[in-house]
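[1] Sequence first, then the predicted structure, then my questions.
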Amino acid sequence: MAGHARVLGATLLGIEGIPVEVEARISSQLPRIDIVGLPEAAMRESAARVRAAVQAIGLPFPDRRITINLAPAALRKQGAGLDLAVAVGILAAGGTLPPTALEGVGLIGELALDGRLRPVRGALSQAACLRAAGCTRVILPASHASEAGLLAEPPELARHLGEVIEKLATGAALELARPPKLLTPGPPAASDLGLVRGQWEAKRALLIAAAGGHGLLLRGAPGAGKTLLARCLPGLLPPLTGEECFEVARIRDAAGLSSDTQPLHQRPFRAPHHSATRAGLLGGGPSLSPGEVTLAHRGVLFLDELPEFDRSALESLRQILEEGQVVHARAVGRITLDACFQLIAAANPCRCGWYGSGVRDCRCDEGSLARYEARVSGPLLDRIDLHLSVQPVPFDDLALPPTGPGTMALRAQVIAARETQTHRLERAGLGQHAHHNAAIPMSSLDELVAATPEASRILSRAVDRMALSARAAHRLMRVARTIADLAGEEKVGPAVMAEAVGFRAER
């Protein structure tokens, strides 16, 4: 006599979860397990894991023909996250569980041969999509406890297949995931700006960049401190909000990164090597895995040795910097990955690194200088708000004790400026689309920047003398708005605009 059961599982496409209906049918034919519905290799091997796990918990495995259908059939299923749903579906079809036990239930988890539940990549996104599909109960492996509590409706957690079967049979609930405590992280000791000697202008640029979410380009000779300064930026940024924390956590989860390597409350800081490929930066591949730009979402993407990166990879950043997302066109459709990050870049002034340093003589000729500068296009440089030349600090100054405010004191200024920006954007009805000054839309730029006539004249003269594009001029206006917010000024005056122009003149 044939038995049939349905249960919901999920698979991952990019960083999005897709509900998958797992149908199990047992018929009176020779023993065999068929899995259909475009399963990839890991999913096709599920049959052996499921059989061993069911037998390990002391339940009889049906000795008949078993057909597993994964719908929608046109979508390729990846990973082993459907193991739990397949095992429960087979047991329900064989009569171990009553048919009503699977109503409104969503199951995610990989099975070990002894029945233990192992974590799966993208469990957060899959759990969210199952809730959206109408599941009243979603069960995840307990190893996802730390991040699962970020979901609006916390899922249930299980450690073993036998535990899941027992609770489904009785209707009892499993342990619920608890919301994590989001702490305000302190800066690492080695990345405290208070320990950086000299570089006052660079520290000011970092403060402005952090306060307004602006991009920053640091040019200077080797050893001038560009990398050290860039690594100080994350400590200045305000802590993640609850919504941002979930966005970051689900991206890391979809990429298979453990939450143990970075606390949930910390903003991402990604620093790919300059040998990174275009796919490594943007993501892609058969499973549409997130790239560095997506892993840096809501955080910082640091590109050291900017001219050494592949030209096509750098040019791909132009549209992403404008739109805050990367779109992959595939046969299954257009897949959008979040990529709203702060770009911090560092570059030597020339191939040998010593042009204009005052430390050593540059060995590059004019042609070499031109070719090296051309490795980074003007349109990409246009999209970086602040340009700064970093000069080496004299050795005598390095021996002096550190002076000036530390990272925690400067972060307080950043948080105050961000709160001012949030209130302004909310009053303008833009709070859902923009979170800081760098994201002020063109349609509201003049109104929200509120530049005085004198400040506007300074900007106009700067645009003419430096031959800046309209995009660069608009970015200067946003930088000036941030400088005014740090000073607590309602209007952008001439002194504020002059400081903003000075950072662009470094190009």
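    Alright, I've got the coordinates.
[2] how does the chain divide into domains?
    Following automatic domain parsing, the chain resolves into domains at 3-176, 189-403.
[3] Columns mean neighbour count, mean pLDDT and distance to residue 497 on top of the ones you listed, output as JSON lines?
    Heads up, the C-betas are built off the backbone N, CA and C, glycines and all. Below are the domains of the chain laid out as JSON lines (neighbours: other Cβ atoms under 10 Å; pLDDT from 0 to 100; distance: least, Cβ to Cβ, whole Å):
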{"stretch": "domain 3-176", "mean neighbour count": "20", "mean pLDDT": "94", "distance to residue 497": "40"}
{"stretch": "domain 189-403", "mean neighbour count": "18", "mean pLDDT": "88", "distance to residue 497": "13"}
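[4] which helix is the longest one in this structure?
    Longest helix in the chain by number of residues, with DSSP state H as the criterion: helix 407-427.
[5] for that helix, packing partners?
    With contacts taken as 3 or more Cβ pairs under 8 Å, 6 or more residues apart in numbering; DSSP states H and E, helix 407-427 sits against helix 200-212, helix 226-236, helix 470-487.
[6] And for that helix, what's in contact with it?
    Contacts of helix 407-427 with the rest of the structure, by Cβ atoms under 8 Å, 6 or more residues apart in numbering, involve 186-187, 191-194, 203, 207, 210-212, 232, 235-238, 431, 434-437, 440, 448, 482, 485-486.
[7] Spit out the contact partners of residue 133.
    8, 19, 106.
[8] Test my guess that the first one contacts residue 23.
    Pointing back at residue 8 there. No: at 10.6 Å, residue 8 does not count as touching residue 23 under the criterion of Cβ atoms under 8 Å.
[9] List the buried residues in the longest helix of the chain.
    407, 410-411, 413-415, 417-418, 420-421, 424-425 (16 or more other Cβ atoms under 10 Å).
[10] so can I have a markdown table of those residues showing distance to residue 219 and pLDDT?
    Shown next, in a markdown table, are these (distance: Cβ to Cβ, whole Å; pLDDT from 0 to 100):
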| residue | distance to residue 219 | pLDDT |
| --- | --- | --- |
| 407 | 23 | 88 |
| 410 | 23 | 93 |
| 411 | 26 | 93 |
| 413 | 25 | 96 |
| 414 | 24 | 96 |
| 415 | 29 | 95 |
| 417 | 26 | 97 |
| 418 | 27 | 96 |
| 420 | 30 | 95 |
| 421 | 28 | 96 |
| 424 | 32 | 94 |
| 425 | 32 | 94 |
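[11] want to try JSON lines for these, with distance to residue 477 as columns?
    Formatted as JSON lines, these follow (distance: Cβ to Cβ, whole Å):
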{"residue": "407", "distance to residue 477": "28"}
{"residue": "410", "distance to residue 477": "24"}
{"residue": "411", "distance to residue 477": "25"}
{"residue": "413", "distance to residue 477": "21"}
{"residue": "414", "distance to residue 477": "20"}
{"residue": "415", "distance to residue 477": "23"}
{"residue": "417", "distance to residue 477": "16"}
{"residue": "418", "distance to residue 477": "18"}
{"residue": "420", "distance to residue 477": "16"}
{"residue": "421", "distance to residue 477": "14"}
{"residue": "424", "distance to residue 477": "14"}
{"residue": "425", "distance to residue 477": "15"}
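[12] between those residues, which is closest to residue 251?
    residue 418 (21.9 Å; Cβ to Cβ).
[13] Give me the contacts around stretch 84-101.
    So stretch 84-101 is contacted by 3-9, 20, 22-26, 35, 46, 50, 53-54, 59-62, 66, 68, 102, 107-111, 117, 139, 161, 164-165, 168-169, 171 (Cβ under 8 Å, 6+ apart).
[14] tell me the contacts of residue 214?
    208, 342, 385-386, 437-438, 475, 478-479, 482.
[15] Nearest to residue 312 among those residues?
    residue 342 (22.5 Å).
[16] That closest one touches residue 211, doesn't it?
    No: between residue 342 and residue 211 there is no contact under Cβ under 8 Å: 11.3 Å.
[17] still on that earlier bit, which of the helices and strands packed on helix 407-427 sits closest to residue 76?
    helix 226-236 (36.8 Å).
[18] Give me the distance between residue 500 and residue 64.
    Per Cβ to Cβ, to the nearest Å, residue 500 is found 75 Å from residue 64.
[19] actually residue 484, not the one I wrote
    75 Å.
[20] What of residue 339?
    Taking Cβ to Cβ, one finds residue 339 at 49 Å from residue 64.
[21] now swap in residue 379 and tell me
    64 Å.
[22] Check residue 209 too.
    Taken as Cβ to Cβ, the span from residue 209 to residue 64 is 65 Å.
[23] and what of residue 237?
    For residue 237, the distance to residue 64 - Cβ to Cβ - is 59 Å.
[24] again, but for residue 19
    Taking Cβ to Cβ, one finds residue 19 at 28 Å from residue 64.
[25] what's the answer for residue 443, then?
    Residue 443 is 65 Å from residue 64, by Cβ to Cβ.
[26] can you give me the helices in the stretch 251-400 of the chain?
    278-282, 292-295, 311-323, 366-374, 378-382, 395-398 (DSSP state H, counting those that start in this stretch).
[27] which other helices and strands contact the first one?
    I take that to be helix 278-282. So helix 278-282, by 3+ Cβ pairs under 8 Å, 6+ apart, packs with helix 292-295, helix 311-323.
[28] how far out from the middle of the chain is the longest helix of the chain?
    22 Å (Cα atoms, centre = their mean, to the nearest Å).
[29] wait, residue 27 sits on residue 67?
    Yes: in this structure, residue 27 is within contact of residue 67 by Cβ under 8 Å, at 7.3 Å.
[30] what's near enough to touch residue 9?
    19-22, 81-82, 84-86, 106-108.
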